[in-house]
Every structure is written in C-alpha cells, then in structure tokens.
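> The following comprises the amino acid sequence and a computationally predicted model.
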Amino acid sequence: MQRCCPPASVDQADRSADAALFKALADPHRLTMLATLARAEDEVCVCDFTGALPLEQPTVSHHLKILREARLVTCERRGTWGYYRITADARDRIEGALRATIPERVPV
C-alpha cells in the first residue's frame, strides 16, 4: 500500500483496564452518582439516588453495581438499604487512566 506520509508510531499498550474504567463512567446517571458521592461529606443512601434521578430502584442499583465493580464506589448494607461512598483512590485511578491514554505533550 502506498503511504501518504511516514508511518505513525501506534501505541501498543494494553488499554483493557482503562477502557473498563471509562466504560463505567460512560453514562450520565453514573457520572451524576459519582459526582454526588465525591461531594458528599458522608455516605449516600441508595434511596437518595432513587428519589433524585428519573430511574427506578432496580436501574439505580444496576448503575451502582457497575461503579462498585469498577472499584469506584464502596457499599455498606444496613438492613435493606445500601450506603455508598466514593473510594479513596477513585480520582487517582481516573486521572491515571486519562494520563496513560492522553499524556502531557512535551513541546517540540
């Protein structure tokens, strides 16, 4: 194949973990939940999300499960209710994935 320019150096790193993290963030309701937890002084009950979002309880629980599986939030069960917190390293992990994908450029 004839080329129009010199070949680019294509990044060959395994981006599976970063993609999974970004996939967990790729929903406006999950971002709202994460933003709420990041700003909360204490844990947030699942009922707060159910009452504030245009979602039924099973859907809220599904979104929180995805955030839990991505290790962005933790949950403590108290009776029938779940209380959620953002993990201590959530911001660092998101920033790390973003930096690994789109590093700071060194001026030429």
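Now that the structure is in, tell me what you want to look at. Numbering: from 1, shown residues only.

> so how far is residue 45 from the residue nearest the centre of the chain?
Centroid-nearest residue in the chain, with CA atoms, centre = their mean: residue 25, separated by 3.6 Å. Separation of residue 25 from residue 45 (CB to CB, to the nearest Å): 22 Å. C-beta: built from backbone N, CA, C; applies to glycine.

> before we move on, the earlier item: thought the residue nearest to the centre of the chain was touching residue 34?
Yes. At 7.2 Å, residue 25 counts as touching residue 34 under the criterion of CB atoms under 8 Å.

> quick one: common contacting residues for the two?
Residues within reach of residue 25 and of residue 34 at once, by CB atoms under 8 Å, 6 or more residues apart in numbering, are residue 72.

> so who does residue 5 touch?
By CB under 8 Å, 6+ apart, no residues touch residue 5.

> I believe it is in a strand; please confirm or correct that.
No. Going by DSSP: H, G, I helix; E, B strand; the rest coil, the assignment for residue 5 is coil, not a strand.

> Find me the pLDDT at it, would you?
Looking at residue 5, its pLDDT stands at 88.
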